[in-house]
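**Student:** Based on what follows, work out the 3D shape:
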Amino acid sequence: MDSFYQALQLSFSVSAIGAVGLGTLIGLIFGAIPGLTFTVALALALPITFGMDAVAATGLLLGTYIGGMTGGSVSAILLGIPGTPSSAATVLDGYPLTRQGRASIALGTAVIVSTMGGLFSLVVMMVSVNIVSQIAIKFGPAEIFALVLFGMSTICGLSGKSMIKGLIAGALGLMVMTIGIDQIDGVNRMTFGSVNMLQGVNLLVAMIGLFAVPFIIDAFARYARGDKTLNLTGSLKAELPSFGILKANSWLIARCSAIGTAIGAIPGTGGAIAAFLAYDHARRFSGNPDRFGNGSIEGVIAPETANNAVTGGTLIPLLSLGIPGDPATAIVLAGLMVHGIIPGPAMFMNSAVEVYGIYIEVVLAYLFVLALQLLGIRLFVYVLRVPQHLLALVILVLCVVGSYSVRNSVFDIYTMAVIGVMAWGLIRLGIPITPVILGMVLGPTLENEFRTAMALSDGDWDIFYTSPVALAFFGFAALIVVLQSLSGIRLRRNAKLAEKSNA
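**Tutor:** Residues are numbered from 1 along each chain as shown. Here you go, the predicted structure:
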(Lines give C-alpha, C1' and ligand atoms only; values in the text may rest on other atoms or scores of the structure.)
Protein backbone atom coordinates (compact mmCIF):
# COMPACT_ATOMS: atom_id res chain seq x y z
CA MET A 1 0.00 0.00 0.00
CA ASP A 2 2.93 2.33 0.58
CA SER A 3 3.77 2.13 -3.13
CA PHE A 4 0.16 2.99 -4.03
CA TYR A 5 0.06 6.03 -1.74
CA GLN A 6 3.38 7.22 -3.12
CA ALA A 7 2.10 6.80 -6.68
CA LEU A 8 -1.07 8.67 -5.73
CA GLN A 9 0.95 11.62 -4.45
CA LEU A 10 3.17 11.71 -7.53
CA SER A 11 0.27 11.33 -9.98
CA PHE A 12 -1.70 14.19 -8.40
CA SER A 13 1.23 16.59 -8.43
CA VAL A 14 0.80 19.71 -10.55
CA SER A 15 3.42 18.57 -13.06
CA ALA A 16 1.86 15.12 -13.52
CA ILE A 17 -1.71 16.37 -13.89
CA GLY A 18 -0.52 19.07 -16.28
CA ALA A 19 1.39 16.49 -18.34
CA VAL A 20 -1.66 14.20 -18.60
CA GLY A 21 -3.89 17.14 -19.56
CA LEU A 22 -1.44 18.43 -22.17
CA GLY A 23 -0.99 14.96 -23.64
CA THR A 24 -4.73 14.41 -23.83
CA LEU A 25 -5.27 17.73 -25.61
CA ILE A 26 -2.46 17.01 -28.10
CA GLY A 27 -3.84 13.53 -28.74
CA LEU A 28 -7.38 14.82 -29.31
CA ILE A 29 -6.17 17.44 -31.80
CA PHE A 30 -3.92 15.07 -33.72
CA GLY A 31 -6.53 12.30 -33.66
CA ALA A 32 -9.29 14.57 -34.96
CA ILE A 33 -7.28 15.84 -37.97
CA PRO A 34 -7.09 13.23 -40.76
CA GLY A 35 -3.47 12.37 -41.45
CA LEU A 36 -2.10 13.56 -38.11
CA THR A 37 -2.52 10.40 -36.05
CA PHE A 38 -1.76 9.96 -32.36
CA THR A 39 1.28 7.89 -33.39
CA VAL A 40 2.75 11.06 -34.91
CA ALA A 41 1.74 12.96 -31.76
CA LEU A 42 3.51 10.37 -29.58
CA ALA A 43 6.66 10.62 -31.68
CA LEU A 44 6.64 14.40 -31.21
CA ALA A 45 5.85 14.15 -27.49
CA LEU A 46 8.57 11.61 -26.69
CA PRO A 47 11.51 14.10 -26.73
CA ILE A 48 9.53 16.44 -24.44
CA THR A 49 9.48 13.73 -21.74
CA PHE A 50 13.28 13.52 -21.47
CA GLY A 51 13.40 16.35 -18.96
CA MET A 52 10.46 15.12 -16.87
CA ASP A 53 10.27 12.74 -13.94
CA ALA A 54 9.07 9.22 -14.71
CA VAL A 55 5.45 9.62 -13.57
CA ALA A 56 4.89 12.90 -15.45
CA ALA A 57 6.58 11.49 -18.56
CA THR A 58 4.38 8.39 -18.66
CA GLY A 59 1.37 10.65 -18.02
CA LEU A 60 2.17 12.75 -21.09
CA LEU A 61 2.60 9.68 -23.29
CA LEU A 62 -0.48 7.85 -22.00
CA GLY A 63 -2.59 11.01 -22.26
CA THR A 64 -1.51 11.47 -25.88
CA TYR A 65 -2.25 7.82 -26.68
CA ILE A 66 -5.70 7.80 -25.08
CA GLY A 67 -6.68 11.24 -26.34
CA GLY A 68 -5.67 10.33 -29.88
CA MET A 69 -7.65 7.10 -29.85
CA THR A 70 -10.78 9.03 -28.80
CA GLY A 71 -10.19 12.09 -30.99
CA GLY A 72 -10.57 10.16 -34.23
CA SER A 73 -14.32 9.97 -33.65
CA VAL A 74 -14.75 13.76 -34.03
CA SER A 75 -13.98 13.96 -37.75
CA ALA A 76 -15.50 10.51 -38.31
CA ILE A 77 -18.87 11.68 -37.00
CA LEU A 78 -18.89 15.29 -38.20
CA LEU A 79 -17.30 14.90 -41.64
CA GLY A 80 -17.44 11.19 -42.40
CA ILE A 81 -13.64 11.11 -42.49
CA PRO A 82 -11.89 8.96 -39.86
CA GLY A 83 -9.18 10.81 -37.99
CA THR A 84 -7.48 7.48 -37.27
CA PRO A 85 -7.86 3.98 -38.75
CA SER A 86 -9.47 2.90 -35.47
CA SER A 87 -12.39 5.27 -36.06
CA ALA A 88 -13.18 4.03 -39.59
CA ALA A 89 -16.06 1.87 -38.38
CA THR A 90 -17.54 4.85 -36.51
CA VAL A 91 -18.13 6.62 -39.84
CA LEU A 92 -20.69 4.01 -40.92
CA ASP A 93 -23.37 5.26 -38.52
CA GLY A 94 -21.79 8.36 -36.98
CA TYR A 95 -21.90 10.42 -40.17
CA PRO A 96 -25.48 9.40 -41.06
CA LEU A 97 -26.49 10.63 -37.59
CA THR A 98 -24.84 13.96 -38.40
CA ARG A 99 -26.78 14.18 -41.66
CA GLN A 100 -29.94 13.67 -39.62
CA GLY A 101 -29.05 16.67 -37.44
CA ARG A 102 -27.99 14.50 -34.49
CA ALA A 103 -24.27 15.26 -34.44
CA SER A 104 -24.29 16.37 -30.79
CA ILE A 105 -25.85 13.19 -29.46
CA ALA A 106 -23.50 11.09 -31.61
CA LEU A 107 -20.43 12.92 -30.25
CA GLY A 108 -21.74 12.79 -26.69
CA THR A 109 -22.45 9.08 -26.93
CA ALA A 110 -19.03 8.40 -28.47
CA VAL A 111 -17.13 10.10 -25.64
CA ILE A 112 -19.20 8.46 -22.88
CA VAL A 113 -18.84 4.91 -24.23
CA SER A 114 -15.17 5.55 -25.08
CA THR A 115 -14.52 6.38 -21.44
CA MET A 116 -16.50 3.35 -20.27
CA GLY A 117 -14.63 1.02 -22.64
CA GLY A 118 -11.26 2.43 -21.64
CA LEU A 119 -11.94 2.16 -17.91
CA PHE A 120 -13.29 -1.37 -18.36
CA SER A 121 -10.05 -2.42 -20.05
CA LEU A 122 -8.05 -0.76 -17.27
CA VAL A 123 -9.88 -2.82 -14.63
CA VAL A 124 -9.29 -6.00 -16.64
CA MET A 125 -5.61 -5.07 -16.95
CA MET A 126 -5.24 -4.46 -13.23
CA VAL A 127 -6.87 -7.69 -12.08
CA SER A 128 -5.66 -10.08 -14.75
CA VAL A 129 -2.53 -8.64 -16.34
CA ASN A 130 -0.48 -11.77 -15.80
CA ILE A 131 -3.20 -14.27 -16.78
CA VAL A 132 -4.31 -12.44 -19.91
CA SER A 133 -0.75 -11.77 -21.05
CA GLN A 134 0.14 -15.46 -20.72
CA ILE A 135 -2.86 -16.37 -22.89
CA ALA A 136 -2.16 -13.63 -25.44
CA ILE A 137 1.50 -14.55 -25.84
CA LYS A 138 0.44 -18.05 -26.92
CA PHE A 139 -1.14 -16.57 -30.03
CA GLY A 140 1.39 -17.45 -32.69
CA PRO A 141 1.21 -16.64 -36.42
CA ALA A 142 -1.31 -19.43 -37.11
CA GLU A 143 -3.69 -18.24 -34.38
CA ILE A 144 -3.44 -14.58 -35.40
CA PHE A 145 -4.02 -15.55 -39.05
CA ALA A 146 -7.17 -17.46 -38.04
CA LEU A 147 -8.35 -14.51 -35.93
CA VAL A 148 -7.85 -12.03 -38.79
CA LEU A 149 -9.55 -14.41 -41.23
CA PHE A 150 -12.47 -14.47 -38.82
CA GLY A 151 -12.43 -10.67 -39.00
CA MET A 152 -12.41 -10.84 -42.80
CA SER A 153 -15.55 -12.98 -42.72
CA THR A 154 -17.45 -9.93 -41.49
CA ILE A 155 -17.27 -8.65 -45.07
CA CYS A 156 -20.27 -10.90 -45.71
CA GLY A 157 -22.28 -8.91 -43.20
CA LEU A 158 -21.08 -5.49 -44.41
CA SER A 159 -21.73 -6.05 -48.10
CA GLY A 160 -25.19 -4.53 -48.22
CA LYS A 161 -27.66 -6.17 -50.55
CA SER A 162 -25.10 -7.92 -52.77
CA MET A 163 -22.51 -10.25 -51.27
CA ILE A 164 -20.79 -10.49 -54.67
CA LYS A 165 -20.20 -6.73 -54.71
CA GLY A 166 -18.95 -6.92 -51.13
CA LEU A 167 -16.44 -9.63 -52.01
CA ILE A 168 -15.28 -7.62 -55.02
CA ALA A 169 -14.76 -4.60 -52.77
CA GLY A 170 -12.87 -6.68 -50.19
CA ALA A 171 -10.62 -8.12 -52.91
CA LEU A 172 -9.87 -4.59 -54.16
CA GLY A 173 -8.80 -3.59 -50.65
CA LEU A 174 -6.50 -6.62 -50.41
CA MET A 175 -4.98 -5.86 -53.82
CA VAL A 176 -4.27 -2.21 -52.98
CA MET A 177 -2.33 -3.18 -49.86
CA THR A 178 -0.08 -5.60 -51.76
CA ILE A 179 1.43 -2.77 -53.81
CA GLY A 180 5.09 -2.09 -53.05
CA ILE A 181 8.05 -4.12 -51.83
CA ASP A 182 7.19 -7.43 -50.22
CA GLN A 183 8.29 -7.17 -46.58
CA ILE A 184 9.36 -10.80 -46.36
CA ASP A 185 11.05 -11.59 -49.72
CA GLY A 186 11.82 -8.05 -50.89
CA VAL A 187 10.08 -8.63 -54.25
CA ASN A 188 8.45 -5.73 -56.11
CA ARG A 189 4.70 -6.25 -56.42
CA MET A 190 2.33 -4.33 -58.69
CA THR A 191 4.72 -1.38 -58.99
CA PHE A 192 4.66 -1.34 -62.83
CA GLY A 193 8.24 -0.12 -62.90
CA SER A 194 7.49 3.02 -60.88
CA VAL A 195 10.05 3.94 -58.24
CA ASN A 196 7.44 5.89 -56.30
CA MET A 197 5.18 2.86 -55.98
CA LEU A 198 7.93 0.90 -54.23
CA GLN A 199 6.87 2.56 -50.97
CA GLY A 200 3.44 0.99 -51.25
CA VAL A 201 0.10 2.48 -50.28
CA ASN A 202 -0.09 3.80 -46.74
CA LEU A 203 -3.29 2.77 -44.96
CA LEU A 204 -4.05 6.22 -43.60
CA VAL A 205 -3.48 7.88 -46.98
CA ALA A 206 -5.83 5.37 -48.59
CA MET A 207 -8.49 5.95 -45.96
CA ILE A 208 -8.31 9.71 -46.38
CA GLY A 209 -8.92 9.21 -50.07
CA LEU A 210 -11.74 6.73 -49.56
CA PHE A 211 -13.72 8.94 -47.21
CA ALA A 212 -12.74 12.52 -47.97
CA VAL A 213 -12.51 12.73 -51.77
CA PRO A 214 -16.06 11.43 -52.49
CA PHE A 215 -17.39 13.99 -49.98
CA ILE A 216 -15.39 16.77 -51.68
CA ILE A 217 -16.53 15.77 -55.18
CA ASP A 218 -20.19 15.59 -54.13
CA ALA A 219 -20.01 18.92 -52.27
CA PHE A 220 -18.54 20.73 -55.28
CA ALA A 221 -21.03 19.01 -57.60
CA ARG A 222 -23.98 20.16 -55.47
CA TYR A 223 -22.60 23.69 -55.40
CA ALA A 224 -22.15 23.69 -59.19
CA ARG A 225 -25.76 22.52 -59.64
CA GLY A 226 -26.97 25.19 -57.24
CA ASP A 227 -28.43 22.67 -54.80
CA LYS A 228 -29.36 24.03 -51.39
CA THR A 229 -26.93 23.08 -48.62
CA LEU A 230 -28.43 20.79 -46.01
CA ASN A 231 -28.63 22.02 -42.43
CA LEU A 232 -26.68 19.41 -40.50
CA THR A 233 -26.18 21.25 -37.24
CA GLY A 234 -29.18 20.09 -35.30
CA SER A 235 -28.79 21.00 -31.64
CA LEU A 236 -25.72 23.01 -30.74
CA LYS A 237 -25.74 22.03 -27.09
CA ALA A 238 -23.51 19.34 -25.62
CA GLU A 239 -25.94 16.44 -25.62
CA LEU A 240 -25.28 13.29 -23.67
CA PRO A 241 -27.03 9.98 -24.18
CA SER A 242 -29.91 9.48 -21.79
CA PHE A 243 -29.69 6.97 -18.98
CA GLY A 244 -32.27 4.93 -20.87
CA ILE A 245 -30.01 4.65 -23.95
CA LEU A 246 -27.01 3.61 -21.86
CA LYS A 247 -29.08 1.13 -19.86
CA ALA A 248 -30.59 -0.38 -23.01
CA ASN A 249 -27.11 -0.82 -24.49
CA SER A 250 -25.26 -1.73 -21.29
CA TRP A 251 -24.84 -5.36 -22.31
CA LEU A 252 -23.59 -4.28 -25.75
CA ILE A 253 -21.07 -1.92 -24.10
CA ALA A 254 -19.84 -4.72 -21.87
CA ARG A 255 -19.46 -7.16 -24.77
CA CYS A 256 -17.66 -4.66 -27.00
CA SER A 257 -15.39 -3.66 -24.11
CA ALA A 258 -14.44 -7.32 -23.73
CA ILE A 259 -13.83 -7.62 -27.49
CA GLY A 260 -11.59 -4.53 -27.52
CA THR A 261 -9.62 -5.62 -24.46
CA ALA A 262 -9.07 -9.12 -25.85
CA ILE A 263 -8.02 -7.87 -29.29
CA GLY A 264 -5.72 -5.24 -27.76
CA ALA A 265 -3.98 -7.89 -25.66
CA ILE A 266 -2.94 -9.76 -28.82
CA PRO A 267 0.23 -8.17 -30.29
CA GLY A 268 -0.05 -7.24 -33.96
CA THR A 269 -3.79 -6.54 -34.01
CA GLY A 270 -5.07 -3.11 -32.98
CA GLY A 271 -8.02 -0.73 -32.71
CA ALA A 272 -9.21 -0.98 -36.30
CA ILE A 273 -9.66 -4.76 -36.11
CA ALA A 274 -11.42 -4.48 -32.73
CA ALA A 275 -13.75 -1.73 -33.99
CA PHE A 276 -14.89 -3.66 -37.07
CA LEU A 277 -15.34 -6.89 -35.12
CA ALA A 278 -17.42 -5.06 -32.51
CA TYR A 279 -19.47 -3.29 -35.18
CA ASP A 280 -20.27 -6.54 -36.94
CA HIS A 281 -21.03 -8.19 -33.60
CA ALA A 282 -23.47 -5.40 -32.70
CA ARG A 283 -25.19 -5.54 -36.08
CA ARG A 284 -25.44 -9.32 -36.02
CA PHE A 285 -27.05 -9.49 -32.58
CA SER A 286 -29.19 -6.39 -32.94
CA GLY A 287 -32.96 -6.63 -33.01
CA ASN A 288 -32.95 -4.16 -35.95
CA PRO A 289 -29.86 -4.88 -38.07
CA ASP A 290 -31.28 -2.91 -41.01
CA ARG A 291 -30.76 0.35 -39.10
CA PHE A 292 -27.00 -0.11 -39.17
CA GLY A 293 -25.42 2.12 -41.79
CA ASN A 294 -28.39 4.48 -41.66
CA GLY A 295 -27.76 6.27 -38.37
CA SER A 296 -28.00 3.66 -35.61
CA ILE A 297 -26.68 4.82 -32.26
CA GLU A 298 -25.58 1.23 -31.64
CA GLY A 299 -23.30 1.59 -34.67
CA VAL A 300 -21.45 4.36 -32.80
CA ILE A 301 -21.47 2.67 -29.41
CA ALA A 302 -19.93 -0.62 -30.57
CA PRO A 303 -16.78 0.57 -32.41
CA GLU A 304 -16.06 3.47 -30.04
CA THR A 305 -16.31 1.22 -26.99
CA ALA A 306 -14.09 -1.44 -28.57
CA ASN A 307 -11.34 0.78 -29.98
CA ASN A 308 -10.89 2.56 -26.64
CA ALA A 309 -10.93 -0.72 -24.73
CA VAL A 310 -7.92 -1.61 -26.88
CA THR A 311 -5.84 0.96 -24.96
CA GLY A 312 -5.95 -1.06 -21.75
CA GLY A 313 -5.59 -4.32 -23.64
CA THR A 314 -2.39 -3.23 -25.36
CA LEU A 315 -0.84 -2.31 -22.01
CA ILE A 316 -1.23 -5.91 -20.79
CA PRO A 317 1.56 -7.46 -22.94
CA LEU A 318 3.47 -4.17 -22.85
CA LEU A 319 3.79 -4.04 -19.07
CA SER A 320 3.94 -7.73 -18.26
CA LEU A 321 6.08 -8.96 -21.17
CA GLY A 322 7.62 -5.84 -22.71
CA ILE A 323 5.91 -6.57 -26.04
CA PRO A 324 4.30 -3.57 -27.82
CA GLY A 325 1.18 -4.40 -29.80
CA ASP A 326 1.39 -1.54 -32.32
CA PRO A 327 3.62 1.43 -33.28
CA ALA A 328 1.99 3.68 -30.69
CA THR A 329 2.72 1.38 -27.77
CA ALA A 330 6.25 0.87 -29.13
CA ILE A 331 6.81 4.60 -28.59
CA VAL A 332 5.32 4.33 -25.10
CA LEU A 333 7.70 1.42 -24.43
CA ALA A 334 10.65 3.58 -25.52
CA GLY A 335 9.50 6.34 -23.18
CA LEU A 336 9.30 3.95 -20.25
CA MET A 337 12.76 2.54 -20.90
CA VAL A 338 14.28 6.01 -21.23
CA HIS A 339 13.18 6.67 -17.64
CA GLY A 340 14.55 3.39 -16.33
CA ILE A 341 11.23 1.53 -16.26
CA ILE A 342 11.85 -1.88 -17.82
CA PRO A 343 8.57 -3.68 -18.64
CA GLY A 344 8.46 -7.38 -17.89
CA PRO A 345 7.63 -9.76 -15.06
CA ALA A 346 10.09 -8.02 -12.74
CA MET A 347 8.54 -4.58 -13.35
CA PHE A 348 5.84 -5.13 -10.73
CA MET A 349 8.54 -5.73 -8.11
CA ASN A 350 11.18 -3.21 -9.21
CA SER A 351 8.89 -0.34 -10.30
CA ALA A 352 5.70 -0.81 -8.27
CA VAL A 353 5.25 2.96 -7.79
CA GLU A 354 5.44 3.59 -11.53
CA VAL A 355 2.98 0.76 -12.25
CA TYR A 356 0.42 2.20 -9.85
CA GLY A 357 1.14 5.59 -11.37
CA ILE A 358 0.28 4.25 -14.82
CA TYR A 359 -3.05 2.93 -13.55
CA ILE A 360 -3.94 6.28 -11.97
CA GLU A 361 -2.84 8.27 -15.03
CA VAL A 362 -5.00 6.19 -17.37
CA VAL A 363 -8.01 7.11 -15.23
CA LEU A 364 -6.96 10.78 -15.24
CA ALA A 365 -6.49 10.71 -19.02
CA TYR A 366 -10.02 9.42 -19.58
CA LEU A 367 -11.43 12.05 -17.21
CA PHE A 368 -9.59 14.74 -19.22
CA VAL A 369 -10.89 13.22 -22.46
CA LEU A 370 -14.43 13.28 -21.10
CA ALA A 371 -14.16 16.90 -19.96
CA LEU A 372 -12.44 18.23 -23.09
CA GLN A 373 -14.76 16.40 -25.48
CA LEU A 374 -17.91 17.56 -23.69
CA LEU A 375 -16.66 21.15 -23.57
CA GLY A 376 -15.71 20.95 -27.23
CA ILE A 377 -18.92 19.46 -28.65
CA ARG A 378 -20.56 22.85 -29.07
CA LEU A 379 -17.48 24.13 -30.93
CA PHE A 380 -17.13 20.93 -32.98
CA VAL A 381 -20.72 21.09 -34.22
CA TYR A 382 -20.33 24.71 -35.34
CA VAL A 383 -18.13 23.33 -38.12
CA LEU A 384 -21.33 22.09 -39.76
CA ARG A 385 -22.64 25.66 -40.16
CA VAL A 386 -19.94 26.34 -42.72
CA PRO A 387 -21.34 26.05 -46.28
CA GLN A 388 -20.46 22.62 -47.60
CA HIS A 389 -18.49 23.81 -50.63
CA LEU A 390 -16.28 25.95 -48.35
CA LEU A 391 -16.00 23.11 -45.86
CA ALA A 392 -14.99 20.81 -48.73
CA LEU A 393 -12.27 23.28 -49.71
CA VAL A 394 -10.88 23.28 -46.16
CA ILE A 395 -11.07 19.48 -46.04
CA LEU A 396 -9.23 19.30 -49.36
CA VAL A 397 -6.37 21.37 -47.95
CA LEU A 398 -6.27 19.26 -44.77
CA CYS A 399 -6.27 16.06 -46.81
CA VAL A 400 -3.34 17.26 -48.93
CA VAL A 401 -1.38 18.32 -45.85
CA GLY A 402 -2.33 15.18 -43.94
CA SER A 403 -1.42 12.84 -46.79
CA TYR A 404 1.93 14.53 -47.28
CA SER A 405 2.75 14.56 -43.56
CA VAL A 406 2.37 10.77 -43.18
CA ARG A 407 5.64 10.05 -45.01
CA ASN A 408 6.66 13.47 -46.37
CA SER A 409 5.87 12.15 -49.84
CA VAL A 410 4.23 14.15 -52.63
CA PHE A 411 3.37 10.85 -54.29
CA ASP A 412 1.06 10.05 -51.35
CA ILE A 413 -1.02 13.11 -52.31
CA TYR A 414 -1.52 11.68 -55.80
CA THR A 415 -2.26 8.26 -54.31
CA MET A 416 -4.91 9.78 -52.06
CA ALA A 417 -6.54 11.55 -55.01
CA VAL A 418 -6.56 8.48 -57.28
CA ILE A 419 -7.98 6.20 -54.58
CA GLY A 420 -10.58 8.85 -53.74
CA VAL A 421 -11.78 9.15 -57.34
CA MET A 422 -11.93 5.36 -57.58
CA ALA A 423 -13.96 5.27 -54.35
CA TRP A 424 -16.38 7.83 -55.76
CA GLY A 425 -16.78 5.64 -58.84
CA LEU A 426 -17.39 2.53 -56.73
CA ILE A 427 -20.09 4.34 -54.78
CA ARG A 428 -21.79 5.37 -58.02
CA LEU A 429 -21.73 1.73 -59.13
CA GLY A 430 -23.34 0.61 -55.88
CA ILE A 431 -20.24 -1.18 -54.59
CA PRO A 432 -19.86 -0.70 -50.81
CA ILE A 433 -16.73 1.00 -49.50
CA THR A 434 -16.64 -0.67 -46.08
CA PRO A 435 -15.31 -4.04 -47.38
CA VAL A 436 -12.55 -2.15 -49.20
CA ILE A 437 -11.49 -0.62 -45.89
CA LEU A 438 -11.69 -3.98 -44.16
CA GLY A 439 -9.47 -5.54 -46.83
CA MET A 440 -6.94 -2.74 -46.43
CA VAL A 441 -6.93 -2.92 -42.62
CA LEU A 442 -6.72 -6.69 -42.30
CA GLY A 443 -4.90 -7.62 -45.52
CA PRO A 444 -1.27 -6.96 -44.48
CA THR A 445 -1.68 -8.77 -41.16
CA LEU A 446 -3.47 -11.67 -42.85
CA GLU A 447 -0.70 -12.12 -45.41
CA ASN A 448 2.24 -11.61 -43.05
CA GLU A 449 0.94 -14.00 -40.40
CA PHE A 450 0.09 -16.66 -42.98
CA ARG A 451 3.54 -16.50 -44.55
CA THR A 452 5.26 -16.42 -41.17
CA ALA A 453 3.32 -19.49 -40.07
CA MET A 454 4.25 -21.34 -43.27
CA ALA A 455 7.90 -20.37 -42.85
CA LEU A 456 7.95 -21.64 -39.26
CA SER A 457 6.41 -24.95 -40.30
CA ASP A 458 8.61 -25.35 -43.41
CA GLY A 459 5.54 -25.23 -45.61
CA ASP A 460 3.57 -27.78 -43.57
CA TRP A 461 -0.14 -26.94 -43.36
CA ASP A 462 -0.39 -28.87 -40.07
CA ILE A 463 0.39 -25.66 -38.18
CA PHE A 464 -3.14 -24.41 -38.90
CA TYR A 465 -5.28 -27.44 -38.10
CA THR A 466 -3.29 -28.72 -35.11
CA SER A 467 -3.99 -25.54 -33.13
CA PRO A 468 -7.33 -25.67 -31.24
CA VAL A 469 -7.48 -21.86 -31.14
CA ALA A 470 -6.95 -21.55 -34.89
CA LEU A 471 -9.54 -24.26 -35.58
CA ALA A 472 -12.06 -22.45 -33.38
CA PHE A 473 -11.62 -19.20 -35.33
CA PHE A 474 -11.82 -21.05 -38.66
CA GLY A 475 -15.08 -22.59 -37.46
CA PHE A 476 -16.48 -19.20 -36.44
CA ALA A 477 -15.54 -17.72 -39.82
CA ALA A 478 -17.21 -20.58 -41.71
CA LEU A 479 -20.31 -20.29 -39.53
CA ILE A 480 -20.63 -16.56 -40.24
CA VAL A 481 -20.28 -17.10 -44.00
CA VAL A 482 -22.92 -19.84 -43.99
CA LEU A 483 -25.37 -17.90 -41.82
CA GLN A 484 -24.95 -14.74 -43.86
CA SER A 485 -25.43 -16.66 -47.11
CA LEU A 486 -28.63 -18.24 -45.79
CA SER A 487 -29.82 -14.84 -44.61
CA GLY A 488 -29.20 -13.37 -48.07
CA ILE A 489 -31.10 -16.20 -49.73
CA ARG A 490 -34.01 -15.74 -47.33
CA LEU A 491 -34.14 -11.98 -47.95
CA ARG A 492 -34.15 -12.44 -51.72
CA ARG A 493 -36.88 -15.06 -51.44
CA ASN A 494 -39.02 -12.76 -49.30
CA ALA A 495 -38.48 -9.90 -51.75
CA LYS A 496 -39.66 -12.08 -54.66
CA LEU A 497 -42.72 -13.19 -52.69
CA ALA A 498 -43.50 -9.57 -51.87
CA GLU A 499 -43.24 -8.63 -55.57
CA LYS A 500 -45.60 -11.45 -56.53
CA SER A 501 -48.12 -10.50 -53.88
CA ASN A 502 -48.04 -6.85 -55.00
CA ALA A 503 -48.50 -7.90 -58.62
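
**Student:** Any regions of the stretch 51-200 of the chain where pLDDT drops low?
**Tutor:** 129-138, 154-162 (pLDDT under 70).

**Student:** if we go to 90?
**Tutor:** 51-112, 114-115, 117-200 (pLDDT under 90).

**Student:** hey, where'd the strands end up in it?
**Tutor:** Chain-ordered strands for the stretch 51-200 of the chain, with DSSP state E, counting those that start in this stretch as the definition, fall at 180-181, 188-189.

**Student:** Quick check: which of those is buried the most?
**Tutor:** The highest mean neighbour count among the strands of the stretch 51-200 of the chain, using mean count of other CB atoms under 10 Å, belongs to strand 180-181: a mean of 16. Every residue, glycine included, has its C-beta placed from N, CA and C.

**Student:** Can you tell me what sits against stretch 329-346?
**Tutor:** With CB atoms under 8 Å, 6 or more residues apart in numbering as the test, stretch 329-346 has contacts from 39, 42-43, 46, 49-50, 53-54, 57-58, 61-62, 65, 130, 314-315, 318-322, 324, 347, 350-351, 354.

**Student:** One more pass at 7 Å, please.
**Tutor:** Here stretch 329-346 makes contact (CB atoms under 7 Å, 6 or more residues apart in numbering) with 42-43, 46, 49-50, 54, 57-58, 61, 65, 314, 318-322, 324, 347, 351, 354.

**Student:** leaving aside the residues next to it on the chain, what's closest to the residue nearest the centre of the chain?
**Tutor:** Centroid-nearest residue in the chain: Ser86, 1.0 Å away (criterion: CA atoms, centre = their mean). Closest residue to Ser86 apart from its sequence neighbours, by CB to CB, 6 or more residues apart in numbering: Gly271 at 3.1 Å.

**Student:** wait, isn't that neighbour in contact with Ser87?
**Tutor:** No. Contact criterion CB atoms under 7 Å: Gly271 and Ser87 do not qualify, at 8.2 Å.

**Student:** rewinding a little: may I see the ChimeraX selection of the buried members of the contacts of stretch 329-346?
**Tutor:** This is the ChimeraX syntax for the buried subset of the contacts of stretch 329-346, where burial follows 16 or more other CB atoms under 10 Å:
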select :42,46,49,54,57,58,61,65,314,318,319,320,321,324,347,351,354
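
**Student:** Just the ones of the contacts of stretch 329-346 in helices?
**Tutor:** Using DSSP state H, 42-43, 54, 57-58, 61, 65, 314, 318-321, 347, 354 are the members of these that sit in helices.

**Student:** Between all of those residues, which two are separated the most?
**Tutor:** For the ones in helices among the contacts of stretch 329-346, the maximum inter-member distance is 24.5 Å, found between Ala43 and Ser320 (CB to CB).

**Student:** Format the strands of the stretch 51-200 of the chain as TSV; extra columns: distance to Glu447.
**Tutor:** Below are the strands of the stretch 51-200 of the chain laid out as TSV (distance: least, CB to CB, whole Å):
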stretch	distance to Glu447
strand 180-181	12
strand 188-189	11
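
**Student:** Which of these sits closest to Leu393?
**Tutor:** strand 180-181 (31.5 Å).

**Student:** Number of residues surrounding the closest residue to Leu446 other than its chain neighbours?
**Tutor:** Setting aside the residues directly before and after it, Leu446 is nearest to Val148 in space (CB to CB, 6+ apart), at 4.7 Å. When neighbours are counted by other CB atoms under 10 Å, Val148 registers 25.

**Student:** name the element Ile395 belongs to?
**Tutor:** helix 388-407 (DSSP states H and E).

**Student:** following that helix, which helix or strand shows up next?
**Tutor:** Using DSSP H and E, the helix or strand that follows helix 388-407 in sequence is helix 410-428.

**Student:** Show me what that next one is packed against.
**Tutor:** helix 203-225, helix 388-407 (3 or more CB pairs under 7 Å, 6 or more residues apart in numbering; DSSP states H and E).

**Student:** ok and the last one relative to helix 203-225, angle-wise?
**Tutor:** Inter-element angle recorded for helix 388-407 and helix 203-225: 160 degrees (by axes from the mean of the first three to the mean of the last three CA atoms, to 10 degrees).

**Student:** Contact partners for the closest residue in space to Ile29 that isn't next to it in sequence?
**Tutor:** Computed as CB to CB, 6+ apart, the closest residue to Ile29 that is not its neighbour in sequence is Gly71, at 6.9 Å. If you count contacts by CB under 7 Å, 6+ apart, Gly71 has them with Gly27, Leu28, Ile29, Phe30, Gly31, Ala32, Gly83.

**Student:** Now for these: which two are most distant?
**Tutor:** Going by CB to CB, the pair spanning the contacts of Gly71 furthest: Gly27 and Gly83, at 10.5 Å.

**Student:** before we move on, the earlier item: which of the helices and strands packed on helix 410-428 is buried the deepest?
**Tutor:** Highest mean neighbour count of the helices and strands packed on helix 410-428: helix 203-225, a mean of 21 (counted as mean count of other CB under 10 Å).

**Student:** Now tell me what touches that helix from outside.
**Tutor:** By CB under 7 Å, 6+ apart, the residues outside helix 203-225 that reach it are 34-35, 37, 79-82, 85, 88, 91, 176, 388-389, 392, 395-396, 399, 402-403, 406, 412, 415-417, 419-421, 423-424, 427, 433, 436-437, 440-441.

**Student:** how about 6 Å then?
**Tutor:** Contact partners of helix 203-225, identified using CB atoms under 6 Å, 6 or more residues apart in numbering, comprise 34, 80-82, 85, 388-389, 392, 395-396, 399, 402-403, 406, 412, 415-416, 419-420, 423-424, 427, 433, 440.

**Student:** ok, now stretch 11-24?
**Tutor:** With CB under 6 Å, 6+ apart as the test, stretch 11-24 has contacts from 55-56, 59-60, 63-64, 67, 357, 360-361, 364-365, 368-369.
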